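Trainee: sequence unknown, structure follows:
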């Protein structure tokens, strides 16, 4: 009788035991990004305790903190008027003794069409709220993949976190192919599709533009539930952490409905 193999993706071998901290670019410091950064700090501390070099993180966001951000996003009254990225990075560096960096600009090409400095990283985490931003990120990652092909900071993974009022998802994808070991027990997959490759057309047809900033917390809560961002951030961080901890993953993401508390994993190979 033939035994069915479990579908898995093995973590890029370099990331298991790198010689330097793993470079991570987090794009977006709002509702999800501000809370994902706290989880990333916890991942970094745990990796260091396991004799792993840990993470070197750059946080990208050009927005400034307003009254509407206090409460639902991870900001205090005393931080109003500061750049979101700087407030978060300064806080985490003081807390954990890291030397992470804030980029007070958008992760996009400049007026000359050039990719910004420090855009290269092994892992990208996008916490953005528009389809256009995701397409921009996807195009930049494609170009960087060729530019940094033999660099230690070449792109390996892209984790996209997104949500609507009550629902959300996390999609983990590879940037190019990741070499997989030969296995008799598992069916391995060297590439995981991105959110653009898998859902790009549907996203373009369904997006309703609403870029009007909320002027108060009450207005913001009409657009997004109080705990949808933190739930997505925690579960997305758990996906990343478990891949580091076990060196493999059977799931490449999940769909979440916080209104009825249902979660559906997205399996590797599905």
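Mentor: Structure received. None of these values were measured; they are calculated from a predicted model. Residues are numbered from 1 along each chain as shown.
Trainee: which parts of the stretch 151-270 of the chain are helices?
Mentor: Listed in chain order, the helices found in the stretch 151-270 of the chain under DSSP state H, counting those that start in this stretch are 195-206, 217-223, 228-246.
Trainee: show me what the last one is packed against.
Mentor: Secondary structure elements in contact with helix 228-246, counted by 3 or more C-beta pairs under 8 Å, 6 or more residues apart in numbering; DSSP states H and E, are helix 33-49, strand 123-126, strand 157-163, strand 167-174, strand 248-249, strand 251-257. C-beta: built from backbone N, CA, C; applies to glycine.
Trainee: off-centre distance for that helix?
Mentor: Average the C-alpha atoms of helix 228-246, do the same for its chain, and the two points are 9 Å apart (C-alpha atoms, centre = their mean, to the nearest Å).
Trainee: angle of that helix against strand 167-174?
Mentor: Inter-element angle recorded for helix 228-246 and strand 167-174: 30 degrees (by axes from the mean of the first three to the mean of the last three C-alpha atoms, to 10 degrees).
Trainee: switch to numbering from 771
Mentor: All set: I'll call the first residue 771, so the last point we hit is now helix 998-1016.
Trainee: the helices of the stretch 921-1040 of the chain: lowest mean pLDDT?
Mentor: Per-stretch averages of pLDDT across the helices of the stretch 921-1040 of the chain put helix 987-993 at the bottom, with a mean of 54.
Trainee: if we can go back for a sec, out of the helices and strands packed on helix 998-1016, indicate the one that is most buried.
Mentor: strand 893-896 (a mean of 26; mean count of other C-beta atoms under 10 Å).
Trainee: next structured bit after it?
Mentor: Heading C-terminal from strand 893-896, the first helix or strand you meet, by DSSP states H and E, is helix 901-917.
Trainee: next, the buried residues of that next one.
Mentor: Residues 901, 903, 904, 906, 907, 908, 910, 911, 914 are the ones in helix 901-917 that count as buried (16 or more other C-beta atoms under 10 Å).
Trainee: count the neighbours of residue 882 for me.
Mentor: Applying other C-beta atoms under 10 Å, we find 5 other residues in the vicinity of residue 882.
Trainee: what pLDDT does it get?
Mentor: The per-residue pLDDT reported for residue 882 equals 89.
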